[in-house]
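K.L.:
Fold the following, please.
(one chain, ligands or ions: 2)
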Amino acid sequence: MKEYISKNELETKKIAYEFAKTLNNNSVIVLNGDLGSGKTKFVNGLAEYFKVSNLVCSPTFTIVNEYPVKQSEKVSYIYHFDVYRLNGSDDFIDSVGTDYFDKGLCIIEWGNIIKDILPPNTIYISIERISSNDNFRKITIYEKGDVLV
Ligand SMILES: Nc1ncnc2c1ncn2[C@@H]1O[C@H](COP(=O)(O)OP(=O)(O)OP(=O)(O)O)[C@@H](O)[C@H]1O
Ligand SMILES: [Mg+2]
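P.N.:
Numbers count the residues shown, from 1 in each chain. Ligands and ions are numbered 1, 2, ... in the order given. This is a model prediction of the structure:
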């Protein structure tokens, strides 16, 4: 487990950028954290590393946005999910399905909602506000296989 303190949006993106170097087409990442904690900013940092510059919006209404990656040997697609509006994993299976998980790098905002169907290699990340300052966040990256409860 790795813990970071981010003092602003840029630092969150930098932490994500460094983390991105460890990922491949089988990676499944869950981002947990309150509304507005910085999950999408973290995804923006990953996207910068993979040179997907137009990855800016949250797929809240579409559930998944799909981005081809051209400049990486390890990742060919990024699938960015936001499952906030789903009621649980049955809902996810009905609307999206699990085929994505080994087709590319999957990043799932609010992924705890569907954690019972996520693969064992899923990496959980939590982003929490720290009370001392509006912009401070604690970012915890758990080890593969460490399920966040
Ligand atoms: N340290 C920080 N890291 C990330 N974002 C920060 C930080 N400090 C302030 N912010 C601000 O917090 C907001 C985070 O928004 P973002 O859309 O990334 O949140 P989110 O967790 O994806 O929310 P949602 O649950 O609605 O999808 C942005 O407005 C950003 O500028
Ligand atoms: Mg978001």
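K.L.:
hey, let's count contacts and neighbours off CA atoms from now on
P.N.:
OK.
K.L.:
What residues does this protein have near ligand 1?
P.N.:
The chain has residues 6-9, 12, 34-41, 135-137 near ligand 1, with proximity defined as CA under 6 Å from any ligand atom.
K.L.:
please redo it, this time with the cut-off set to 8 Å
P.N.:
Residues of the chain lying close to ligand 1 by CA under 8 Å from any ligand atom are 6-13, 32-43, 58, 60, 82, 84, 109-110, 127, 134-137.
K.L.:
which of those are buried?
P.N.:
6, 9, 11-13, 32-33, 37-43, 58, 82, 84, 109-110, 127, 136-137 (16 or more other CA atoms under 10 Å).
K.L.:
Make sure residue 125 is indeed in a strand.
P.N.:
Yes. Counting by DSSP: H, G, I helix; E, B strand; the rest coil, residue 125 is part of a strand.
K.L.:
what sits opposite it in the beta ladder?
P.N.:
Note on residue 125: beta-bridge partners by DSSP bridges are residue 31, residue 141.
K.L.:
Distance of the most far-flung residue of the chain relative to its centre relative to ligand 1?
P.N.:
Here the centre of the chain is the reference, and by CA atoms, centre = their mean the most remote residue is residue 132, at 25.2 Å. Separation of residue 132 from ligand 1 (CA to the nearest ligand atom, to the nearest Å): 12 Å.
K.L.:
Find the centremost residue of the protein, please.
P.N.:
residue 107 (3.5 Å).
K.L.:
Is that residue in a helix, a strand, or coil?
P.N.:
Per three-state DSSP, residue 107 ends up strand.
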